[in-house]
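Engineer: mind looking at a prediction? Sequence and model below.
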Amino acid sequence: MDDFYALIGTAVAIIDLKGRILMAAGWQEICTKFHRVHPESRKNCIESDVYLSKNVEPGQYALYKCKNNMWDISTPIMVKDKHVGNLFLGQFFFEDEKPDYQLFEKQAHRYGFDKKQYLEALDKVPRWSREKVDQVMGFYSKFAQMISELGFSNINLSKMIAGYKAAKEQAEHNQEKFQSLFEDSIDGIYMTTIGGKYVDANSALVNMLGYQSKKELLAIDIKRDLYVSAADRPGPDDRNRTFGTRFKKKDGTTIDVEISSKVIYEQGRPKYYQGIVRDVTQRKKTEEKLQYLSFHDSLTGLYNRAYFDEELTRFDTRRQLPLSLIIGDVNGLKLVNDTHGHQNGDKLLRDVAALLKNYFREEDVIARWGGDEFCILLPKTSKTEAKKITDRIKKACREIQGSHTIPISIAFGVATKQQHGHKTADLLKEAEDHMYRNKLKEKGRFSFRAASADESPQQEENLDIGARVLRLRENAAALGKALNLSQSSLDALCLLVNLKDIGKLLILENLLHERLKLTRKEWEILKKHPEIGYDIAKSLPPMAQFAKAIRHHHEWWDGSGYPQGLKGREIHLFARIIAIVETYDWMRDGGPYKNNLGKKEALKELKRLSGSQLDPQLVAKFAENTEEIM
């Protein structure tokens, strides 16, 4: 621009369409020091610039006297048919016109300019002939066209350069982000050759595989040193996916990994493998544990009912016939829990599970069916064979009783499906019915070791059903007749005499048969036998009618008995009758707590206990029938 000014001697500039000066040279002093300094006169300049910007056709030029009374000329600059600005020349007078000094003096006064300096600046404004203006503007119009053409090329070039720079910067930014992701990832990231050599790997993979450095890892042979076996290394066709496999670490230990892999092709051929490796060893162990727990009983380690049900459906085919089903119920589990605690009850179940495992084949399905029930599914097994197995198990239970604090006793039921149309639900019901019938046939007598370690095992004995029981039955019947009980009630009352102490079958034998003073702990154990007897009677349908009376037979009339502290007529009638006849018999025949008394003394003692331990009305009725009392 300075060269143009030197050539033509007047101001030259490039102005945009909003009147903003983008480039300028040779600006006259009258403009720089006066017109473009004062706000009002400066506004006149800008309005002139904007006018020139909007009112010039391409290839033409415009001559215009600005609002500050000097001549300006402009020609448009076009870029690809778009008007982007103007080439401006100006701040001159024509030679054939005389400046209106009075007008400029008024402007000096109006805008507050120094008149002398303002007029001196006015005299410095160049004078041009009209011919020169035509020649200069003809040149400048062509020059503006040249600028337009060059500008378009330069703009495209600038765009290309800017695009390249932006792409380069973005690529560098992406590379930095990738490198950060590559190194900071908690998962392993790798690239390998098809032949089995690492090209690159991040720190996470180096650490995951137990190597000291990336260099050490890149040196290994992947086929030989990384995969546990050849079968664990997939081929190219299996790589564009996520798959699981096993890796060997540097120290030889193995880990389970999940790989998201991709094959990189060059000219249609696989060139590299790249992917992400995640150590899923712990997750896989957790999944395996959850899967195991979903189909196994946590206490015994046997299969659970859910798995058994699935297997029962799967085995329900002609190919598995004859299909035998065994249901085993552990006798006395609830009683063991009540008397010896749930830890011993759990041990009993584990012992039963271990015993069952010894007597069945690998293809048989052994499951814990419920709390104390086990089910065994035996494909291609006849009922005879299944019963032989249960007989061997029961024999084993008898043989190992001497070495167990809590003996094992199992009631079995067997059913066999011979034809395909036989429903499995009916098979289960049949086996369960047989099991319950066998449970009722068994007396369920158990002997236990003492709680302390130095006590020796006690030998199993039957309840005493000798002379004392006969006396109790006779005396109970006598009192029942005096109370006008029906014959069926009398029969039930006499049977209750035999059953009332059934709970003592699970009490330590030395507490029942030795005439020793009981410790507090032993006494608390002994006091549990009414509740134990109640549970036994309630669990066996033929005895269920006696359960309440068995539970009440140590309750006292005044409420100070056990186990529930009942009083008066809250206590079952049969229990009140038995309390009288049993107390009387202990007085007459002796026992661990009393000396022998004569009939008269015994009746007198009963009356003394009347109203506290015994029902006073029943005691009176009992005493009235002395001739019937043994």
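Structural biologist: Perfect, thanks for sending it.

Engineer: going by C-alpha atoms from here, please, whenever you check contacts or count neighbours.
Structural biologist: Will do.

Engineer: ok, and for stretch 231-246, which residues are buried?
Structural biologist: Buried residues in stretch 231-246, counting neighbours by 16 or more other CA atoms under 10 Å, are found at R233, P236, R239, G244, T245, R246.

Engineer: quick check: closest non-adjacent residue to the fourth one.
Structural biologist: Closest residue to G244 apart from its sequence neighbours, by CA to CA, 6 or more residues apart in numbering: E258 at 4.4 Å.

Engineer: pretty sure the one you found is in a strand, no?
Structural biologist: Yes: using DSSP: H, G, I helix; E, B strand; the rest coil, the assignment for E258 is a strand.

Engineer: report how many residues lie close to it.
Structural biologist: 16 (other CA atoms under 10 Å).

Engineer: nearest to L290, of the buried residues of stretch 231-246?
Structural biologist: L290 has its nearest neighbour among the buried residues of stretch 231-246 in G244, at 18.8 Å by CA to CA.

Engineer: pLDDT weak spots in the stretch 401-550 of the chain?
Structural biologist: Applying pLDDT under 70 to the stretch 401-550 of the chain flags the ranges 401-405, 440-466, 505-518, 540-543.

Engineer: which residues of it fall in strands?
Structural biologist: 410-417 (DSSP state E, counting those that start in this stretch).

Engineer: same question for the stretch 51-200 of the chain.
Structural biologist: Using DSSP E, counting those that start in this stretch, strands in the stretch 51-200 of the chain cover 62-65, 71-79, 82-94, 127-128, 188-193, 198-201.

Engineer: list the strands paired with the last one, with their directions.
Structural biologist: Paired with strand 198-201 in the same sheet, following DSSP bridges, are strand 188-193 (antiparallel).

Engineer: if you average pLDDT over the partner strand, what comes out?
Structural biologist: Averaged across strand 188-193, the pLDDT comes to 92.

Engineer: now that strand: how far from the chain's centre is it?
Structural biologist: 31 Å (CA atoms, centre = their mean, to the nearest Å).

Engineer: need the contact partners of that strand.
Structural biologist: The contact list for strand 188-193, computed with CA atoms under 8 Å, 6 or more residues apart in numbering, reads 182, 198-206, 208, 271-278.

Engineer: from those residues, which ones fall inside helices?
Structural biologist: F182, S203, A204, L205, V206, M208 (DSSP state H).

Engineer: tally of neighbours for the last one?
Structural biologist: Other residues within reach of M208, judged by other CA under 10 Å, total 18.

Engineer: so it versus A482, what's the distance?
Structural biologist: With distances taken as CA to CA, to the nearest Å, M208 is found 90 Å from A482.

Engineer: ok so, going back, which pair in the buried residues of stretch 231-246 spans the largest distance?
Structural biologist: P236 and R246 (17.3 Å).

Engineer: correct me, but D256 touches R246?
Structural biologist: Yes: here D256 reaches R246: they are 4.7 Å apart, a contact under CA atoms under 8 Å.

Engineer: enumerate every residue touching the nearest residue to K500 once chain neighbours are set aside.
Structural biologist: Sequence neighbours aside, I550 is the residue nearest to K500 in space, at 4.9 Å (criterion: CA to CA, 6+ apart). By CA under 8 Å, 6+ apart, the contact list for I550 reads L496, L499, K500, D501, P530, E531, G533, Y534, A575.
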